[in-house]
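# The following block contains a protein sequence and its predicted model.
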Amino acid sequence: MKILAQDSQVQYFIAQRKIRVYVNRNTDAEERVDFILALAKDYDRYSAECAKQHFPDADAKPKGTSTKPFVLCKKNLMAVYKNKHQKTPEIVIERASYEVASFPGRVLVFRPNNDLPKAKLFSCPERTVTIPDDEQMRKWSFCLKLVGFRSFCDTPPPRFFFPQVIYGFIAEEASELRTDLGRGNLIGGLFGVSPLKGSLQKPKDQELASPASSFAPAAQED
């Protein structure tokens, strides 16, 4: 991924050692990347490099009025929100439960894994999305790699090399993934289980959790 300083704004969260980079902020092409550093010295180094490369600080302008779906992803998990201001995702796709296939015409199909327990199939329906152009496909491709559906490289780098990364982007086409959402929610409701209950809901502190099994971030901006 290549981020140009001229298109970006940076927000710093010292207590969490988190650096958030907005790209094309408050437009329908918005992307944002959170880098969470385990060590304070790494946070200082990354922050200094942003300043050196003349990345402007995020200003206090309004959050925008986009109502288009927002995709948020991290290792092993992808969530789709009604828009970037929402706190709870409409759809959650876990790497452990799904596999993805690509078809001509920039079509992505998320299918439940063959070894998924039958009882879980009700809440993991097949979902399809058609990507409108190459620019959006670039964003989806990075998302698939970050979640783990695709490989970043042939040889995995050492674990200590990367900060934790959480990536989000506006994607109007993500609304197509809602096709079977009602079915999943209805079945879950009948059995007293909500697919958005517990670890998938936004915590009170609105911060990012490190375990891959929980998706703490909300689409809503800080």
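Noted; the coordinates are in hand. Numbers count the residues shown, from 1 in each chain.
# count of residues packed around the residue lying closest to residue 36 once chain neighbours are set aside?
Using Cβ to Cβ, 6 or more residues apart in numbering and skipping the chain neighbours, the partner closest in space to residue 36 is residue 164 (4.1 Å). The C-beta positions use only the backbone N, C-alpha and C, and glycine is treated the same way. Neighbour count of residue 164, defined by other Cβ atoms under 10 Å: 17.
# Touching, residue 164 and residue 43? I think so.
No: the pair residue 164 / residue 43 is not scored as a contact, 11.9 Å apart, by Cβ atoms under 8 Å.
# Mind listing the shared neighbours of these two?
Residues touching both residue 164 and residue 43 (Cβ atoms under 8 Å, 6 or more residues apart in numbering): none.
# so where's this protein uncertain?
Along the chain, segments meeting pLDDT under 70 span 1, 61-62, 154-162, 179-222.
# Could I get the full set of strands for it?
Shown for the chain, the strands assigned by DSSP state E span residues 8-13, 18-23, 31-36, 70-74, 77-81, 91-94, 98-103, 107-112, 127-130, 164-170.
# Quick check: neighbours of the fourth one in the sheet, parallel or antiparallel?
Each strand that pairs with strand 70-74, with its direction, by DSSP bridges: strand 77-81 (antiparallel), strand 164-170 (antiparallel).
# Could you single out the most deeply buried of the ones you listed?
Mean neighbour count (mean count of other Cβ atoms under 10 Å) peaks for strand 77-81 among the strands paired with strand 70-74, with a mean of 25.
# what's the distance between it and the middle of its chain?
Relative to the centre of its chain, strand 77-81 is centred 6 Å away, using Cα atoms, centre = their mean, to the nearest Å.
# Could you check the angle that strand makes with strand 107-112?
Calculated by axes from the mean of the first three to the mean of the last three Cα atoms, to 10 degrees, strand 77-81 forms an angle of 120 degrees with strand 107-112.
# if we can go back for a sec, wait, which of the strands paired with strand 70-74 is closest to residue 134?
strand 164-170 (14.3 Å; Cβ to Cβ).
# check contacts around residue 31.
Counting by Cβ under 8 Å, 6+ apart, residue 31 makes contact with 22-24, 139, 167-170.
# how does it look with 10 Å?
1, 3, 7-8, 21-25, 71, 138-139, 142, 167-170 (Cβ atoms under 10 Å, 6 or more residues apart in numbering).
# Quick one: buried ones out of those residues?
8, 21-23, 25, 71, 139, 142, 167-170 (16 or more other Cβ atoms under 10 Å).
# how about the residues you listed, which pair is most distant?
Across the buried ones among the contacts of residue 31, the longest distance by Cβ to Cβ is 18.8 Å; it joins 8 and 71.
# Residue 101 reaches residue 129, doesn't it?
No: taking contacts as Cβ atoms under 10 Å, residue 101 lies outside contact range of residue 129: 11.8 Å.
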